[in-house]
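Novice: Quick one, structure for this:
(chains A, B, C and D)
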Number of protein chains: 2
Amino acid sequence: MTPKNNYCYDYPRPALTVDCVIFGYDASDLKILLIKRGIEPFKGHAALPGGFVREHETLDSAAKRELMEETNVSNVFIEQLYTFGNPGRDPRGRVISTAYFALVKREDYIVIAGDDAAKARWYSVGAIPPLAFDHAEIVEMALNRLKGKIRYQPVGFELLPEKFTLSDLQHIYEAILQKKLDKRNFRKKIDKTELVIRLNEKEKGVAHRAAYYYKFDKKKYENALKKGIYFEI
Amino acid sequence: MTPKNNYCYDYPRPALTVDCVIFGYDASDLKILLIKRGIEPFKGHAALPGGFVREHETLDSAAKRELMEETNVSNVFIEQLYTFGNPGRDPRGRVISTAYFALVKREDYIVIAGDDAAKARWYSVGAIPPLAFDHAEIVEMALNRLKGKIRYQPVGFELLPEKFTLSDLQHIYEAILQKKLDKRNFRKKIDKTELVIRLNEKEKGVAHRAAYYYKFDKKKYENALKKGIYFEI
DNA sequence: ACAAAAGTGTTCGGAATACACCCATGT
DNA sequence: ACATGGGTGTATTCCGAACACTTTTGT
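Specialist: Just a heads-up that it's a prediction; the model follows:
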C-alpha cells in the first residue's frame, strides 16, 4: 500500500535525491560504478547510483546508504560534490540532486549483481557510456574535483588496498592527472611526506623484479592535520 | 490571498532555500553582509540573506536574485558553496539550504535599508555576531573556501574597484589568508602574472606618497584560462 | 638469454623567502 | 620637520624537472 498525496504544502516543493560518483581503481585504470536503469525515464541507460533522501536522514547518510546498497562497503572516503537543481534536469518534475563522490578500495567492494536493484558495473573513466539525466555533467565535475584534490590531499590511498606498491600509487596519480609522471621524482616526493612506510614484504610471482609493498600511515597523517600541517603531493 | 495546501505529494518533501555569504572589502577589512531577522525563529538574530527557491528558477538564479535583492548588484562573482540539509537545522521542519558565496565590489553595492526586507549590515569577519540556524557553520565554510581559492584563482580583484592600489590588493590577501605578507615579494608575484596593469594615475589627497592605481586585465586572464593556463598567486 | 618492471642520484633553473632603505605627500 | 605609507633589489635557500642505467625475477 503506497501513500497517496498525504503530504501537502502551501507552495510547490522539489523532490530531493542524492547521486554518488563512486571511483575505484583496478588493472591500472580509474573506474566509476554505474547502474543500468530499469525504469523510465532513460530506461536502459547507464546512470549514477542514487535515490531519494528519507525524511529523517542527513544528506551525508543518504549518500552513504546509497553507496552501501550498491557496493556493500562502508567506511570509505565520501564527500559532497555539488547540488544540481536546474528545472528540467528530470523530465518527471523538479528534482534536486546533491551529488557525492566516493573513493573505494578494490579489496573491499562487492558489487551487488542480480538482485532487484538495477545491475551495477564498473566503467573506465575513459569509456563512459551516454548517461541518463545530467549525470555526464556530474561525472565530469567529480573528475575535476578529484584532479584538483589529489594535489593537496593524499586521496590516492583511498583507492588502494592496505598494502600497495609505489608503481600502483603512481599509476593512480597518472590516471587522475592524465599525464605521465617521472618515477624518480614521484618517489622522492612520496618519500618526503614521510607518510608512506615500506614493509618487509615483496610481491610474489611476478615476471620481473618484485616490488616492495608499502602502507600509508593514516594516523600520522591525521595527527599532522590536527596540528595544521598540510601536504602537497 | 495565500495558497493553502495546494501542493500534495506521496512522500514528504523538504523545503528548499538558498543562503548567500556575501563578502565585501572596506577600510582594510574583509566583511560579510548579514541581515537582522524580523520574524521567528531566531527573531532579532543576525542571519545570512536567503530565501526560498522558486518553482521555475535554477539554484544559481535563486542565489543571484537574493543577492540582487539585498545589495542591488548584479554581475558579481558568485559560486555554489555547499548544501546543508541536516534534519533539525531549522526548527520549523525540514529545510534544505544550498549556500552560495559571492564577492562584491564596494563601489557597486547599495545596501537596501529601511524597506520591508530586514535590515542588512556589513560585519567584519573578525567580529561576527551569533547567527541564526547553522549559519555560523556556513560562514566558516565560506571563509575556508575563500582562503583555499585565493591561492589558485585571482578572486581578490572581485572585491576591489576597477582601479586599486597594490596595497589594497595586498591587504585583501592578508585579510583572507590571515597572515602578513612581504611587500616586495607580493609585488614581484603580482608582477609576474602580467595580469595587473599600472595606470598613469595616482591617489590624491593622502598624507603620504601617493600610490599608483592599477587595474586587473580580466580579458587577458579569461583568454589564458581558455588556453588552459593557470595562475597561482 | 631475455623480457619486464623495480629501484636509485645528480644537475640545473626558477621560485620562494628574508631583508632595509629612500621617496613623495599632507600637516 | 615629521609622520605616513609607497616603492624598490639582492642574496640564499628550496623545490621541481629532466634525465639513464643496474637489479631482480620468471619464462
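Novice: Show the low-confidence segments of chain A, by residue range.
Specialist: A:1-3, A:107-118 (pLDDT under 70).
Novice: Walk me through the domains of it.
Specialist: A:15-149, A:156-226 (automatic domain parsing).
Novice: Can you say which of the ones you listed is nearest to B:Lys226?
Specialist: domain A:15-149 (15.8 Å; Cβ to Cβ). Where you see a C-beta, it was placed from the backbone N, CA and C, and this is true even at glycine.
Novice: distance between the ends of the closest one?
Specialist: 30 Å (Cα to Cα, to the nearest Å).
Novice: wait, does it contact DNA strand C?
Specialist: No. For domain A:15-149, no contact with DNA strand C is found by Cβ under 7 Å from any atom of the strand; the gap never falls below 9.6 Å.
Novice: which secondary structure elements does the helix or strand encompassing A:Leu34 contact?
Specialist: Assigned by DSSP states H and E, A:Leu34 belongs to strand A:29-36. Counting contacts by 3 or more Cβ pairs under 8 Å, 6 or more residues apart in numbering or on different chains; DSSP states H and E, strand A:29-36 packs against strand A:15-26, strand A:46-47, helix A:59-71, strand A:120-124, helix A:166-177.
Novice: distance between the longest one and the chain's centre?
Specialist: Here helix A:59-71 shows a centroid-to-chain-centroid distance of 12 Å under the convention Cα atoms, centre = their mean, to the nearest Å.
Novice: Need the contact partners of that helix.
Specialist: Contacts with helix A:59-71, where a contact means Cβ atoms under 8 Å, 6 or more residues apart in numbering or on different chains, come from A:18-20, A:22, A:33, A:35, A:49-54, A:57, A:73-74, A:76, A:78, A:80, A:98, A:100, A:102, A:104, A:108-112, A:117, A:120, B:83, B:85-86, B:96.
Novice: Tell me which stretches of chain A form helices.
Specialist: For chain A, the helices defined by DSSP state H cover A:59-71, A:135-149, A:166-177, A:183-193, A:218-226.
Novice: tell me the most buried of the ones you listed?
Specialist: helix A:59-71 (a mean of 20; mean count of other Cβ atoms under 10 Å in any protein chain shown).
Novice: Put the alpha carbons of that helix into PDB.
Specialist: C-alpha atoms of helix A:59-71 as PDB (Å, rounded to 0.1, in the frame of the first residue of the first chain):
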ATOM      1  CA  LEU A  59      22.300  14.200   3.100                       C
ATOM      2  CA  ASP A  60      25.600  12.500   4.100                       C
ATOM      3  CA  SER A  61      23.800   9.500   5.500                       C
ATOM      4  CA  ALA A  62      21.600   9.200   2.400                       C
ATOM      5  CA  ALA A  63      24.700   9.200   0.300                       C
ATOM      6  CA  LYS A  64      26.400   6.600   2.500                       C
ATOM      7  CA  ARG A  65      23.300   4.400   2.400                       C
ATOM      8  CA  GLU A  66      23.200   4.500  -1.400                       C
ATOM      9  CA  LEU A  67      26.800   3.600  -1.500                       C
ATOM     10  CA  MET A  68      26.300   0.800   0.900                       C
ATOM     11  CA  GLU A  69      23.400  -0.500  -1.100                       C
ATOM     12  CA  GLU A  70      25.500  -0.600  -4.300                       C
ATOM     13  CA  THR A  71      28.800  -1.800  -3.100                       C
END
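Novice: got the angle for that helix vs strand A:29-36?
Specialist: Counting by axes from the mean of the first three to the mean of the last three Cα atoms, to 10 degrees, helix A:59-71 lies at 90 degrees to strand A:29-36.
Novice: angle of helix A:59-71 against strand A:120-124?
Specialist: 100 degrees.
Novice: Measure how helix A:59-71 sits relative to strand A:15-26, angle-wise.
Specialist: If you take the same axes, to 10 degrees, helix A:59-71 sits at 50 degrees to strand A:15-26.
Novice: Quick check: residues of chain A near DNA strand D?
Specialist: Residues of chain A lying near DNA strand D (Cβ under 7 Å from any atom of the strand): A:182-185, A:189, A:202, A:204-210, A:232.
Novice: got a winner among those residues for most neighbours?
Specialist: Using other Cβ atoms under 10 Å in any protein chain shown as the neighbour criterion, A:Lys189 leads the residues of chain A next to DNA strand D with 15 neighbours.
Novice: Give me the nearest residue to that one, chain neighbours excluded.
Specialist: A:Ile233 (6.0 Å; Cβ to Cβ, 6 or more residues apart in numbering or on different chains).
Novice: burial measure for A:Lys105, as a count.
Specialist: A count of neighbours around A:Lys105, defined by other Cβ under 10 Å, yields 19.
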